[in-house]
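A.B. asks: Structure for the following, please:
(one chain, ligands or ions: 1)
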Amino acid sequence: MKFVDEFRNAQLGRALAGEILAELQPGRHYKVMEVCGGHTHSIYKYGIDDLLPDNVELVHGPGCPVCVIPMGRVDDGIAVARHEGVIFTCFGDMLRVPGSEYTLLDAKAQGADVRMVYSPLDALRIARENPDREVVFFAIGFETTAPSTALTLKRAKTENVANFSCVCNHVTIVPPLRALLESPDLRLDGFIGPGHVCTVVGARPFEFIPLDYGRPVVISGFEPLDILQSIHMILRQLSAGRCEVENQYTRVVPREGNLNALRVMSEVFELRPHFEWRGLGFISQSALKLSDAYADFDAERRFDVPGVRVADPKACQCGEVLKGVIKPWECKVFGTACTPEHAIGTCMVSPEGACAAYYNFGRFARERTAV
Ligand code: SF4
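C.D. replies: Sure, this is the predicted structure:
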């Protein structure tokens, strides 16, 4: 398949691994963060880290949309789902994210009408088909998925679908990255930039990383050779003493992003003053809410939601995993009390979560064997 097979060529992968080795300075340890959960998934699915020298360490970032949803927001969703007459819709991953007591799947088992959808447009269709019910879409994701929610809301407004509304949990990637770079816990040498987000926002929003923090960023695709080439480009910048935003994913990411998507987002959404991130706490201006022009479609204004902050369970170390401070297998409950079937934390729920990636692709067995 074009743009897939040629980016999975094992021979080219080994050649790139050799070029990576040639860029390394003796005695130096390199820490590179892949921001996006999609990269984490590819890295472990294809064993990319096995091709890297021991002194090139990949650190997993906060870019998995499901992983960053705090317990309180899940509780808010469950509270809305339990309202009489509500059909509550969300993506499949969201169903298994633990709230303080229950998941949305538990709420469904207890009688709430919770349905999985593949897109917000599916939720809008359900609203049209059920004019006597209130249909709510639980929107999650970074700038990658926010445009599809925005377009759906625009359509709902144009068609005057009055029984449709949205709990907006869309988040933005730059503020948590800035928070991580300010963190004294973490020393990073460079970033593999989030290719999917950049298809919408472009490369420009990441220029603060080299300018303010002196770290290179390479926006990367998601196939194995994309990621290996991006690591090579980061190391090449470091060995040449350069520091800039480069775009490895030129076949998809335009430098200015998708201007139509950005325009629709700015029409439908506005920034929240602050938003709680799972394990990272409150981060200013890091999430979106519906603008006043779309207030009628805002489920948080239409329904009572508890809006209560809930502390993560003591055993859960998702925050440290999301900040790249620990590896998933270093969490005390990894693979024992916390598994994909019975997740305690969010990083074990979505395939893009670092814990699920380690668990599903054999890291669990390998790390335990090594111990
Ligand atoms: S193993 Fe479970 S609780 Fe621990 S960090 Fe991963 S998802 Fe969170």
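
A.B. asks: what's around the residue in the chain that the ligand sits nearest to, how many residues?
C.D. replies: The nearest approach of the chain to the ligand comes at residue 345, 2.3 Å away (C-beta to the nearest ligand atom). Placement of C-beta: from N, CA and C, glycine included. Using other C-beta atoms under 10 Å, residue 345 has 28 neighbouring residues.

A.B. asks: show me what contacts it?
C.D. replies: By C-beta atoms under 8 Å, 6 or more residues apart in numbering, the residues touching residue 345 are 98, 278, 312-313, 316-318, 321, 331, 338, 355.

A.B. asks: okay, the residues you listed in CSV with pLDDT, secondary structure and neighbour count next?
C.D. replies: Below are the contacts of residue 345 laid out as CSV (pLDDT from 0 to 100; DSSP: H, G, I helix; E, B strand; the rest coil; neighbours: other C-beta atoms under 10 Å):
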residue, pLDDT, secondary structure, neighbour count
98, 92, coil, 22
278, 88, coil, 25
312, 83, coil, 18
313, 83, coil, 16
316, 89, coil, 25
317, 92, coil, 24
318, 91, helix, 27
321, 91, helix, 30
331, 93, coil, 25
338, 93, strand, 26
355, 93, helix, 34
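
A.B. asks: Near the ligand, list only the ones from those.
C.D. replies: Among the contacts of residue 345, the residues lying close to the ligand (C-beta under 6 Å from any ligand atom) are 316-318, 321, 331, 338, 355.

A.B. asks: What is the neighbour count of residue 125?
C.D. replies: 17.

A.B. asks: for residue 121, same thing?
C.D. replies: Each residue near residue 121 was counted by other C-beta under 10 Å, and the total is 16.

A.B. asks: Kindly report the same for residue 275.
C.D. replies: For residue 275, the neighbour count with other C-beta under 10 Å is 24.

A.B. asks: ok, now residue 139?
C.D. replies: Neighbours of residue 139 under the rule other C-beta under 10 Å: 27.

A.B. asks: So it is in contact with residue 166, correct?
C.D. replies: Yes - using C-beta atoms under 8 Å, residue 139 is in contact with residue 166, at 5.2 Å.

A.B. asks: Up against the ligand, what does the stretch 251-371 of the chain have?
C.D. replies: Counting by C-beta under 6 Å from any ligand atom, the stretch 251-371 of the chain sits next to the ligand at 316-318, 321, 328, 331, 333-334, 338, 344-345, 347-348, 355.

A.B. asks: top helix in this structure by residue count?
C.D. replies: Identified as the longest helix of the chain according to DSSP state H is helix 224-240.

A.B. asks: Report the mean confidence score over that helix.
C.D. replies: Confidence for helix 224-240, expressed as mean pLDDT, is 97.

A.B. asks: now for the helix or strand just after it, which elements pack on it?
C.D. replies: Next along the chain after helix 224-240, taking DSSP states H and E as the criterion, comes strand 245-247. For strand 245-247, the packing partners by 3 or more C-beta pairs under 8 Å, 6 or more residues apart in numbering; DSSP states H and E come out as strand 217-220.

A.B. asks: so what does the strand it packs on touch, helix or strand wise?
C.D. replies: strand 190-194, helix 195-201, helix 224-240, strand 245-247.

A.B. asks: neighbouring strands for the last one, and are they parallel or not?
C.D. replies: Which is strand 245-247. Using DSSP bridges, strand 245-247 pairs in its sheet with strand 217-220 (parallel).

A.B. asks: Using CSV, write out the CA atom coordinates for the partner strand.
C.D. replies: The C-alpha coordinates for strand 217-220 follow below in CSV (Å, rounded to 0.1, in the frame of the first residue of the first chain):
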residue,chain,number,x,y,z
VAL,A,217,11.7,19.3,17.5
VAL,A,218,11.2,17.0,14.5
ILE,A,219,7.5,16.6,13.4
SER,A,220,7.2,12.9,12.6
